[in-house]
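> kindly generate the corresponding structure for this input.
(one chain, ligands or ions: 1)
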Amino acid sequence: MQKELLANPVFAMAAEQFDLVADFLQLPDDLRERCKWPKRLISVAVPIKLDNGVTQVFYGHRVQHHLTRGPVKGGLRFHPSVDLGEVAALAMWMNWKCALMDLPYGGGKGGIACDPRQMSRGELERLTRRFTMEMLPFISPEIDVMAPDMGTNEQTMAWMTDTYSARTGYLVPSIVTGKPIGMQGSAGRTLATGHGVAFLSTNALYKLGISIGSATAIVQGFGNVGSHTAKTLAAYGVKVTGISDASGALWNSCGIDVDALRVYVAEHGVVSGFPGADVIDPQEMLCQPCDVLAPAAMERAITKDIAALLQCRILAEGANGPTTPEADRIIDERGDIFVIPDILCNAGGVTVSYFEWVQNFQRFQWSENEVISKLETMLQKAFEKVTSFADRHKVSQRMAAQSIAVKTVADAKSLRGLFP
Ligand code: GLU
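Purely as a prediction, here's the structure:
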């Protein structure tokens, strides 16, 4: 069935993946229908005064895929490509991610169509606060808990907490996660997603019998996820030979000094111009030989043309939805690439968000060691669950991960029943 409201290539991709999983699980038609479609789609005008005195209306969206297993959880992104369909796809993937990780959440995602790089701090603060105001009827720590995503960060979460708490009259830290430590954020949250990508990559290297000390990696994206993935991989002893962002791609076959690049990017904002590496075409970079390729930027980066040319052993999906279904089919046919699918690979962020939410209710702070060791235990368990399902049923890692997740949601829906 077509739903015009959701017409978007990213939503079409999430829906196609879902249909394959529902077929594999032989999900009855009623459950298939209830699991697939998002529960709430909210779009709001967000008018703000720009620094030049002009008033501009931005559009913000929030999609709450399901509340069957608890409040919805997921990020808020500021990016020019944001629309309702893209947000709905990302909300659906968050739903499966939370279910796979056994977190007591449904999935949600939000976004505002804007270019945060072109906006001042004051404009971003006004945009964030006004969006939070518009969302007040639809959010609470028991309904919808947002977090950072592309183009947003812990400062965004601090403004959201303040705006929400100003209405209640007391601090409600559990309204969002990914807050600054000084505002009851969790130790380890900022690095959690990238740490998880790197940790799971080493699990996969181990499974394939490749020694970490001899392994090489290429990372697409150098935002929060990509930079922490590269940093952690390098700290484990993996040689990171390629790194890119929207400004261009870097190559150094002896290994890029990731810490030096992080310092460079903190100063210049982009990887381009970094003196410690050569320039390479960003698409070509993806197809160079390596052990781990980590796409950690936008969705649909690995197209069918790129999939045919990949020379990696492991595809570690740091981004949400980086591989198109056509590319998936090619990767499945090739059979020589071990995929760590997005809903597993980048689940470190939402898992530590869950820890943050729990700590906020407990009014207690865990140490970074405690957070990271609990995170690694949960990721390891999910990794084993997915690989053993894939081996047992002779299906791809993505099919395994999504099947476990969709079944968890479908079982919860069956238990709750259809009302009235
Ligand atoms: N935006 C992140 C994701 O896509 C984290 C969501 C969260 O922490 O709630 O998984």
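
> Tyr419: how many residues sit nearby?
Not Tyr; residue 419 is Phe. The number of residues packed near Phe419 is 4, by other C-beta atoms under 10 Å. Heads up, the C-betas are built off the backbone N, CA and C, glycines and all.

> now it: how far from Val350?
28 Å (C-beta to C-beta, to the nearest Å).

> shaky segments in the stretch 51-200 of the chain?
By pLDDT under 70, the stretch 51-200 of the chain contains no weakly predicted segment.

> up against the ligand, what does it have?
Contact residues, the stretch 51-200 of the chain versus the ligand (C-beta under 6 Å from any ligand atom): 73-75, 147, 149, 177-178.

> in TSV: those, plus distance to Gln64, secondary structure and neighbour count.
Below are these laid out as TSV (distance: C-beta to C-beta, whole Å; DSSP: H, G, I helix; E, B strand; the rest coil; neighbours: other C-beta atoms under 10 Å):
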residue	distance to Gln64	secondary structure	neighbour count
Lys73	10	strand	27
Gly74	9	strand	32
Gly75	13	strand	26
Ala147	14	strand	28
Asp149	15	coil	26
Thr177	16	coil	29
Gly178	18	coil	29
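
> tell me which residue of this structure lies closest to the ligand.
Gly75 (2.7 Å; C-beta to the nearest ligand atom).

> my guess is that residue meets Val145, correct?
No. With contact defined as C-beta atoms under 8 Å, Gly75 does not count as touching Val145 (10.4 Å).

> all strands of the protein, in order?
Here the chain has its strands, by DSSP state E, at 40-49, 55-64, 72-79, 106-113, 144-148, 216-220, 239-245, 248-251, 278-280, 290-295, 312-316, 338-340.

> on that earlier part again, contact partners for the residue of the chain closest to the ligand?
The contact partners of Gly75, by C-beta atoms under 8 Å, 6 or more residues apart in numbering, come to 90, 94, 109-110, 146-150, 152, 178, 349.

> same list (those) but as JSON lines, adding distance to Met378.
Converted to JSON lines, the contacts of Gly75 look like this (distance: C-beta to C-beta, whole Å):
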{"residue": "Leu90", "distance to Met378": "22"}
{"residue": "Met94", "distance to Met378": "16"}
{"residue": "Lys109", "distance to Met378": "21"}
{"residue": "Gly110", "distance to Met378": "25"}
{"residue": "Met146", "distance to Met378": "21"}
{"residue": "Ala147", "distance to Met378": "17"}
{"residue": "Pro148", "distance to Met378": "20"}
{"residue": "Asp149", "distance to Met378": "21"}
{"residue": "Met150", "distance to Met378": "24"}
{"residue": "Thr152", "distance to Met378": "24"}
{"residue": "Gly178", "distance to Met378": "18"}
{"residue": "Gly349", "distance to Met378": "12"}
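
> between the residues you listed, which is nearest Ser120?
Ser120 has its nearest neighbour among the contacts of Gly75 in Thr152, at 15.4 Å by C-beta to C-beta.

> correct me, but Ser227 touches Val265?
Yes. Assessed by C-beta under 8 Å, Ser227 is found in contact with Val265 at 7.2 Å.

> more neighbours, those two?
Counted by other C-beta under 10 Å, Ser227 and Val265 do not tie: Ser227 has more neighbours, with 23 against 19.

> contact residues of the stretch 301-420 of the chain facing the ligand?
Going by C-beta under 6 Å from any ligand atom, the residues of the stretch 301-420 of the chain near the ligand are 320, 346, 349-350, 353.

> and if we set it to 8 Å?
Proximity of the stretch 301-420 of the chain to the ligand is confined to 320, 346-347, 349-350, 352-354 under the rule C-beta under 8 Å from any ligand atom.

> can you redo these as TSV with neighbour count and pLDDT?
Shown next, in TSV, are those (neighbours: other C-beta atoms under 10 Å; pLDDT from 0 to 100):
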residue	neighbour count	pLDDT
Asn320	25	96
Asn346	28	98
Ala347	29	98
Gly349	30	98
Val350	27	98
Val352	30	98
Ser353	29	98
Tyr354	24	98
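
> for the residue nearest to Glu317 when sequence neighbours are not counted, give me its contacts.
Closest residue to Glu317 apart from its sequence neighbours, by C-beta to C-beta, 6 or more residues apart in numbering: Asp342 at 4.0 Å. Shown in contact with Asp342 (C-beta under 8 Å, 6+ apart): 93, 97, 317-322.

> could you do Leu379 as well?
196, 199-200, 344, 347-348, 351.

> so which of these are in helices?
Of the positions in these, 196, 199-200, 344, 348, 351 sit in helices, assigned by DSSP state H.

> got a PyMOL select line for the buried ones in those?
Only the buried entries of the ones in helices among the contacts of Leu379 go into this PyMOL selection, using 16 or more other C-beta atoms under 10 Å:
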select buried, resi 196+199+200+344+348+351
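
> tell me which of the ones in helices among the contacts of Leu379 is nearest to Val406?
Out of those, the member with the shortest distance to Val406 (by C-beta to C-beta) is Leu344, at 13.9 Å.

> quick one: that closest one and Cys98 touch, right?
No. Using C-beta under 8 Å, Leu344 is not in contact with Cys98; the gap is 11.9 Å.

> send the alpha carbons of stretch 6-25 over as PDB?
Taking C-alpha atoms only, stretch 6-25 is exported to PDB below (Å, rounded to 0.1, in the frame of the first residue of the first chain):
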ATOM      1  CA  LEU A   6       5.800   9.100   3.600                       C
ATOM      2  CA  ALA A   7       6.900   9.300  -0.100                       C
ATOM      3  CA  ASN A   8      10.700   9.400   0.300                       C
ATOM      4  CA  PRO A   9      13.400   7.100  -1.000                       C
ATOM      5  CA  VAL A  10      14.800   6.500   2.500                       C
ATOM      6  CA  PHE A  11      11.300   5.500   3.700                       C
ATOM      7  CA  ALA A  12      10.900   3.200   0.700                       C
ATOM      8  CA  MET A  13      14.100   1.500   1.600                       C
ATOM      9  CA  ALA A  14      13.100   1.000   5.300                       C
ATOM     10  CA  ALA A  15       9.700  -0.300   4.100                       C
ATOM     11  CA  GLU A  16      11.300  -2.700   1.600                       C
ATOM     12  CA  GLN A  17      13.600  -4.100   4.300                       C
ATOM     13  CA  PHE A  18      10.600  -4.600   6.500                       C
ATOM     14  CA  ASP A  19       8.600  -6.400   3.900                       C
ATOM     15  CA  LEU A  20      11.500  -8.900   3.300                       C
ATOM     16  CA  VAL A  21      11.700  -9.500   7.100                       C
ATOM     17  CA  ALA A  22       8.000  -9.900   7.400                       C
ATOM     18  CA  ASP A  23       8.000 -12.400   4.600                       C
ATOM     19  CA  PHE A  24      10.800 -14.300   6.200                       C
ATOM     20  CA  LEU A  25       9.100 -14.400   9.600                       C
END
